Structure formats: structure tokens, C-alpha cells
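Asker: this is a predicted model, with the sequence first.
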There are 2 protein chains.
Amino acid sequence: LKQAEIIAIGDELIIGQVVNTNASWIAWELNATGIGIVRMTCVGDDKKAITSALGEAFQRADFVLMTGGLGPTKDDITKAALCEYFKQPMRLDASILEHIKVLLAGRGYAMSEKQVHQAMVPYNAVALPNELGTAPCLWFEVGEQILVVMPGVPHEMKDIMTRTILPRLQKRSRGSVILHKTILTTGVGESHLSSMIEDWELALPPFIRLAYLPQPGIIRLRLTAQGTDEPVVQKALKEQVSLLQQRIPDLIFGYDEDSLEVILGKMLGGHHQTLATAESCTGGYIAHLITTVPGSSAYFSGSVVAYANEIKIRELGVDPKILLEHGAVSEQVVLQMASGVRDRFKTDLALAVSGIAGPDGGTPEKPVGTVWIAVTTPSGTQAKKFFFRDERRRTIHRTAIAAMNMLRLTLLGKEI
Amino acid sequence: LKQAEIIAIGDELIIGQVVNTNASWIAWELNATGIGIVRMTCVGDDKKAITSALGEAFQRADFVLMTGGLGPTKDDITKAALCEYFKQPMRLDASILEHIKVLLAGRGYAMSEKQVHQAMVPYNAVALPNELGTAPCLWFEVGEQILVVMPGVPHEMKDIMTRTILPRLQKRSRGSVILHKTILTTGVGESHLSSMIEDWELALPPFIRLAYLPQPGIIRLRLTAQGTDEPVVQKALKEQVSLLQQRIPDLIFGYDEDSLEVILGKMLGGHHQTLATAESCTGGYIAHLITTVPGSSAYFSGSVVAYANEIKIRELGVDPKILLEHGAVSEQVVLQMASGVRDRFKTDLALAVSGIAGPDGGTPEKPVGTVWIAVTTPSGTQAKKFFFRDERRRTIHRTAIAAMNMLRLTLLGKEI
């Protein structure tokens, strides 16, 4: 398996002003090509920092991919650092100069002196044209090792990578493949989940690794499989996913880039059912998540965000006596909210939530984090109490995840 | 000037599945404390990779800050790697064990064996409690050098850094100060803003630098001032902020960590005014943002998310003839939505939005991104048309920012 390192260069990165999204993107793409990543490094626009990071990377990796510091301004010194590292002079690359001229002419500009400098490259570099900008990509071969230097502008880098670099590197690496599958779960916490699937985890073949990626309300389980024979690796991965699915069928709601709102959208759309929500503590967040899905207007009618108690009474038909007797955060009220919004909005289904998101508003009987959720369908209504001891925004998020999951389980005819 | 290195650990980072936002956040905070960053490194959950990255960092930096791999699951091996690096055994930290017990009890859980393991720390580490999770922070002193190891969960890491680590490191570093002030603007785009403030920018003293940090709907202007005399630097920074404020008074809505929803909350709370929203294309997102603010129930009554046209008619009293004639995305309809929700919810103020978030639903007359926003107050109602040519989620976000800013300007008696 060929190994790569990624070095990102830029003062804006090293002071934390810009997040290094380039490195993640490159890593993901290399990985999909069957190239492993040993390390990612980030240094400022500093000659010594650049050359020492490069020297160290060459001690570990077959391929080194570098981004940034190729612009025409004074602070861009990557090319000078490369000349120093390789002890090579600069040369003017005629074909790159021509490419820049054509590119600028297409934008209606003439060539300036600064842009001529963009065609100067270290003597030992092969310069590859950048279709979207004036800084060429530089390709160095050092024995069996390869160094690729790309501009840091994300869309330019991605274009060069996809068009030119990935196919070239794939040719040089061969043999092993790395495959990933991410299983999305909700409903139990990390330590509970981990004890539920412990035997399965211990019985994983040595070439498949498991990682827990927790998010508020959701735990993603990522399987990484590595081997030389792609169909064999693919099959083994599939088998393990299917074993896991048998173990925790109700906890798994999707795979890879799925989300609960997209899954729900498919279920509702497929059954031609419509939904409305009545929200108190989530303040419209469930409606927001549902409507981030393009085409959600086909199944989502709308929501009543009943933040004030009068709104629960007037707009959702909650009985004031019940509200007074049991409080807004109660089974009785959340059930009335659910049937109230379903009747008013004339939908097939409704979700309602009422809770105490905090930081204030808790009592000894109903501490901050207490949440009631109700789901109503043509065949009946049920409510469940949850307790999320977390920061306000995260409690709101976890409530929305739990509510959407309750609807998902109800639609599947499973126990909530 | 003391120098730091940041090492982030995690397979999810090295394969590019998760972007390393922790490193940027830490770098920014260290920088503000007057500590420079030499390098950021990222390695996988691999003992050898961790120990070698650590050894190299100690050759360059005074402070090494490490994050990730402290969880209770099998793939978290940072503590084992540290024991190997320092050639130290593990020990059970009694006070951390107690802290975890209390933390779990507060969430209504008993302690499991896995969680006991969270209180095991390398023998030479000082363990500092994590207020938000079970993984403690580890502090090592190696001669004059310091290693800090923190959990990778962003909100836990940020809490520990702010509460404990930054003050401790600041004591160890001294000399020059770096001060930042961020000015938050909305209402015009980056190039427009930049030409409006060009002279001011060119006249900045050499020790104050300006950076544009654009976000959807908002442009943050960050000033960074550096010097040896803190009061002098502070004063110069204040002067420049005040000059900028005179230049673009209506565009500035806040500073540093402010948000429009917090600013609006203060304005509404201060005036004892209540608000409701009627939302179509934003699907409850404005209500959500407003209710992320603790205590928002004092001024926010609720919202009608009228995604379907029948809901606009039935729940907001929009005239079906007007809807048919002008379409849902029109000045007439958005005005009726605003007054409709204000009348029904009996609030002082109302905000209404109707638009086409895309990707589908556009027409030649009303392309995707067309949005109407209305604000209604006791003294009158006004509506304005916007056009946001962006991806669905970003269009929703930009619509919410524009709507909240329209309300802000209206409350200030300024032109929208």
C-alpha cells in the first residue's frame, strides 16, 4: 500500500483564521484511490518550516502532496523554498506562460510582470497547467518518490487533483484498496451501544477496523476494510454490516451520508403521507431540519411553534385546565399538541414536543433537559419522556433527533 | 515569544471524514494569548505515529497541545501511546474517578467498567477534570516544556481550553500582546463593503491588520493589533473601531461573539415587545435561531410555519384570491402573512418570509432565490424583495439573517 503525506502551507492556516479543509478533501480522495495517509502537516509561509516539513515527509511517505503559497504576492514563497530544498534554480516554463496568457485573455486581461513570475518553476519540476488559475501545479520525481505541489485555492486544487493528479497517482500505486462504510445509529448512548455490539466487534476480521464517531443524538460506526482483492474486501465488509444490522436492527437508521430528515422524507413521500409539527422547546428546529430536504413541500405542511402557553391553547387547542394541572411539559399537553396540529393542518401524521431546554426553567420534579415527545398517526397516538442533560443548543438538537427517530420507528411499526 | 505545536489524533481526521476544526480554533486562541504556532500535525489512531509526532514536536516547541483518542472505546489509544512515550505505567486518579461518578449521576447513569478506565492516566500526568465529559485533560511538564492532552470532542476541548489551559499557558508565556476585535456587518457584499471602507483600511497603523471573514449573509471584519504595551495597543484598536463605526453605522450589528438573534433578544426584551414569525421558505429556521437564545420565551410567542398554501390561507388568513393572482412569493402575500400572524398571536411585532429556496420551483419571473420579507410593527408594515442565488441551506440561512436584520433596522427607526 502506497503511503502519502499532505503538507498545507499558509499563515492564514497556522494562525487558525482559515480551517484546513483542503487536507481533508485530499485525504478522502487519496483514500478512495487506495492510497493511505500517514500524516497531515500544516506550516506557515516560512522557508525553513516548509523545507523541514518536506524533508521529514519524504522519510515516511511515497507521495507528498503540498498545497498553498504559489500565488503572485510577496508572502507566497513555496517555489523559492522548493528551489532551496532541491538545490535547483528557477526556469521559465514556456508552455505554462502560453497557458497563462490564453487564460488571462479569456478573462479580458493582459499579462502583467507578476503573472510572468507565475510561469517560473523550479528546474527539476514538471509544470502541469491549472485550468482555473495562473499558478501551475508542480510535479517532482525523486527516485521512486513523488512530490505534487498545488495552489491552495480550494476549487483550483480540486480541479487539478480530479483532472490530473489522482489518475496519475492511481497508476503509480497498485494493489491494495481501502473501503469505508459508515453505519448511522440513534437511540442509545456510546457506552450502551458499545456493550450491545461488543462480541460482533471482537469477531471482526483483522483487516476490518471499527471507529465510533459520536455526534449529539447520533453515533456513527465507521468500518474501514483494507486488502488487495477489491471484491473480497467488499464482500467481507458487506457481511459485517449485515451481521451488525441483525444485532441492532432498530438502532440503525441509515448509512454514510444519510440523515434522519432525508430518510423520513423518503418514507413519507413513498407512502404519500403528510406531516405537521407542533413545537415548543425545539422552537421550529424540527420543521427546519425537515425543510432542508429539497422537495419536502410534497409531504410537509408546516408547523405551529407554540413557544408561549397562550399559543398552545389558542392555536393548538390545548385545554387550559390540563395545562394548569399538568404543566406545559407533560404527557397530556404534548398529546393534545400533536392531535391539535394534525386536526388543524389536516395531515396524516403529527409530531409534537414540549420540554425544558435550559439553562433556566427547571424544577426538582422536571429538571432542565426533561422533554416529552408525541407522535400521532391515523392508527393512534403515543408519547414518550426523554431526559437530555446537555447545553441548550445540543438539547434542542438531541430532542429533534429523538422526535424524528420516534416518527421513523412508528412508521416502521416498531416499538418506540 | 513562546512557540506551540498542535497535534490532532484520529482516524476520522486522517482519512478526511472529519475536518480538523479543533486545530484552527486552538491556534486562534493561542495566538490571541501571544503564543505563536510553529506547526499543526494530524495523525491517525496509531501508537507509533502518535509517539513520533510528539517527539518531533518537542524538538521545536515550548508547548505541545494534543487532542483526540481519549474516548472509552478500543480505537482510542492516545493514553497508551503516552505511557509508551514517557515509559510510565498507568495509575487510577481518585479525584477524576469521583468527578466522573458525579457527572454520570447528574445524567442519571451509574458507572460502568469502561468509564472507570476513563480515570486511568499516565503516571506522570496531572489530570484536570473535564466538566462536560468523562475523558480528563492531561497536563505533563517535561523540564521547561509542557504537553497538554485534551479530548477531541470540540465543545469539551473548547471548555477545558477556555476554563483551564489558556490561563495556565498565558502565565508561562510573556512579552508581546496580540489583541483581536471582530466587527460584525450585514447588508452588503464583500466587494461593496471593501470599497466603502477602503480609505479607512489604507490609513490603519502598521501594527493593526485587517482580515475579511465572510460567512453567508454576514461579513466579519477582524482587526489584529500587536505590540508590547497593552494599554497603548488597546487604545489604538478602540480608535480604529470607532472610526469604522462612524463610516458604516447601519451595517454593523455587533462585535466578536454577538449574533443577530442575541442582539434582537436584547432589543425586544429592553422594549418589552413580543414577536411572532410566519415562515414559508425558511421552514421554522428563524424561530429556531431566535429560540436558541436562553430566555427568549420572554419576548418570542411562536411561529406558524406555513409551508403549504392551504396553511397560509387557513392559519394566517391569506386571501386565496391574492394568493392565486400574485403567487405565494409576492409582496401582497408576505404582507398578509405578517399581519395574519401578528393578529392571531397578539404580538407587538411580526416577521414574515416567503421565497423559493430551490433547487426546484423557480420560474423566469421568479427565479430560485427570490425572497419576500415583511416586518410589521404597531406603527406600520413594510416589505422588501431579496435575491439570494445560493445553495438551498445557504439561501435559507441568508434569508433568516436578512429578516432579522430588517427587524433590527426597523426597531432602530432606520431605513431597511
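Answerer: That came through, no problem. What you see is a predicted model; the values in this text were computed from it and never measured.
Asker: mind checking which helix or strand the residue lying closest to A:Val142 once chain neighbours are set aside is in?
Answerer: In space, not counting the residues next to it along the chain, A:Val142 is nearest to A:Phe58; the distance is 7.1 Å by Cβ to Cβ, 6 or more residues apart in numbering or on different chains. C-betas here are computed from N, CA, C, even on glycine. Taking DSSP states H and E as the criterion, the element that holds A:Phe58 is helix A:47-60.
Asker: can you spell out which helices and strands pack onto the helix or strand just after that helix?
Answerer: Note on helix A:47-60: by DSSP H and E, the next helix or strand toward the C-terminus is strand A:63-67. Using 3 or more Cβ pairs under 8 Å, 6 or more residues apart in numbering or on different chains; DSSP states H and E as the contact criterion, the secondary-structure elements in contact with strand A:63-67 are strand A:3-9, helix A:21-32, helix A:47-60, strand A:145-150.
Asker: name every strand pairing with strand A:63-67 and say which way it goes.
Answerer: Here strand A:63-67 has these sheet partners by DSSP bridges: strand A:3-9 (parallel), strand A:145-150 (parallel).
Asker: just the angle for the helix holding A:Phe58 relative to strand A:63-67, thanks.
Answerer: Inter-element angle recorded for helix A:47-60 and strand A:63-67: 150 degrees (by axes from the mean of the first three to the mean of the last three Cα atoms, to 10 degrees).
Asker: could you list the low-pLDDT ranges of chain A?
Answerer: With pLDDT under 70 as the threshold, chain A has low-confidence stretches at A:74, A:175.
Asker: let's check: the centremost residue of it is which one?
Answerer: A:Glu257 (7.5 Å; Cα atoms, centre = their mean).
Asker: returning to what we had before: any chance of the strands paired with strand A:63-67 in TSV, plus mean neighbour count and distance to A:Asp348?
Answerer: Putting the strands paired with strand A:63-67 into TSV (neighbours: other Cβ atoms under 10 Å in any protein chain shown; distance: least, Cβ to Cβ, whole Å) gives the following:
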stretch	mean neighbour count	distance to A:Asp348
strand A:3-9	24	50
strand A:145-150	23	52
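Asker: okay, these in a markdown table with distance to A:Leu202 next?
Answerer: Below are those laid out as a markdown table (distance: least, Cβ to Cβ, whole Å):
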| stretch | distance to A:Leu202 |
| --- | --- |
| strand A:3-9 | 28 |
| strand A:145-150 | 39 |
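Asker: out of the helices and strands packed on strand A:63-67, the one nearest B:Asn31 is which?
Answerer: Ranking the helices and strands packed on strand A:63-67 by proximity to B:Asn31 (Cβ to Cβ) places helix A:47-60 first, at 16.0 Å.
Asker: chain center to that closest one: distance?
Answerer: In this view, helix A:47-60 has its centroid 30 Å away from the chain centroid, taken as Cα atoms, centre = their mean, to the nearest Å.
Asker: list the buried ones in it?
Answerer: For helix A:47-60, burial by neighbour count (16 or more other Cβ atoms under 10 Å in any protein chain shown) applies to A:49-54, A:56-58.
Asker: so what touches that helix?
Answerer: A:3, A:5, A:7, A:9, A:38-39, A:41, A:43, A:64, A:66, A:69, A:77-78, A:80-82, A:84-85, A:142, A:145, A:147, B:38-39, B:56 (Cβ atoms under 8 Å, 6 or more residues apart in numbering or on different chains).
Asker: let me see the ranges of the strands in the stretch 151-300 of chain A.
Answerer: Taking DSSP state E, counting those that start in this stretch to define them, one finds strands in the stretch 151-300 of chain A at A:177-185, A:208-215, A:218-227, A:252-255, A:275-279, A:300-306.
Asker: do the longest one and chain B meet?
Answerer: Yes - counting by Cβ under 8 Å from any Cβ of the partner chain, chain B has neighbours in strand A:218-227: A:222, A:224.
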